[in-house]
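Asker: sharing a sequence plus its predicted fold:
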Amino acid sequence: MQNTKLLFLLLSFVLFINYINYFLPNRDKQEREIRLLERKIAKEHKLNKQKVDTSKLVLPYDKFFFNGDKYNYSQAMGKFQEIIVKSAKKNCKVSHMKWAPVPSKESWYDKLKINTSLECDPKDMFTFINHLRANPELFYIENLKVYPMKKIKKLRVTMQLVAYRKHNEK
């Protein structure tokens, strides 16, 4: 009888020690979550107390978009193509460029698209993108596909570059 009580006691200790972590809440994790929530609440209070000047939020579209007063659609696309070729001049070989047939017209801007295909090394591809980023106009890349070429050790990069032209306000 005594041995069974001792065995039961030892077994209960083993279960208690091994499985106590599963039953008790993790205090460290809860404390981290509380601190995180307190920081987020303090940040929200700080943002709510600030007075936002809406004139500072207005973007200078003439700086980021092609100006509709200066460039019509063809001129803006030509300028856009010049920027692409100039960015790829030393690093990449432009194997194909095709203008999108009709710009996507919104209420106050046109979306200009050029399908571009390049052959370049990986390092040169990033140099090309950095050259594009150095321009004041806003560009972004859609439908990027990168795959290795079979005969030479270069990458074939196909993408759709997009820029914007602000309509003239006449």
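Answerer: Structure received.
Asker: where does the closest residue to residue 157 other than its chain neighbours sit, in terms of helix or strand?
Answerer: What sits nearest to residue 157 in space, not counting adjacent residues and going by CB to CB, 6 or more residues apart in numbering, is residue 118, at 4.4 Å. All C-beta spots, glycine's among them, are computed from the backbone N, C-alpha and C. Here residue 118 is covered by strand 109-120, with elements defined by DSSP states H and E.
Asker: which is the succeeding secondary structure element to that strand?
Answerer: Assigned by DSSP H and E, the successor of strand 109-120 is helix 122-133.
Asker: for residue 147, which three-state class applies?
Answerer: On the three-state scheme (DSSP: H, G, I helix; E, B strand; the rest coil), residue 147 is labelled strand.
Asker: hey, what's it bridged with?
Answerer: Taking DSSP bridges as the rule, residue 147 bridges to residue 156.
Asker: my guess is it contacts residue 154, does it?
Answerer: No - counting by CB atoms under 8 Å, residue 154 is not a contact partner of residue 147; they are 10.5 Å apart.
Asker: residue 163: what's it in contact with?
Answerer: By CB atoms under 8 Å, 6 or more residues apart in numbering, the residues touching residue 163 are 65, 66, 76, 80, 112, 137, 138, 139.
Asker: and the buried ones among these, selectable in PyMOL?
Answerer: In PyMOL, a selection of the buried entries from those looks like this (16 or more other CB atoms under 10 Å):
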select buried, resi 65+66+76+80+112+137+139
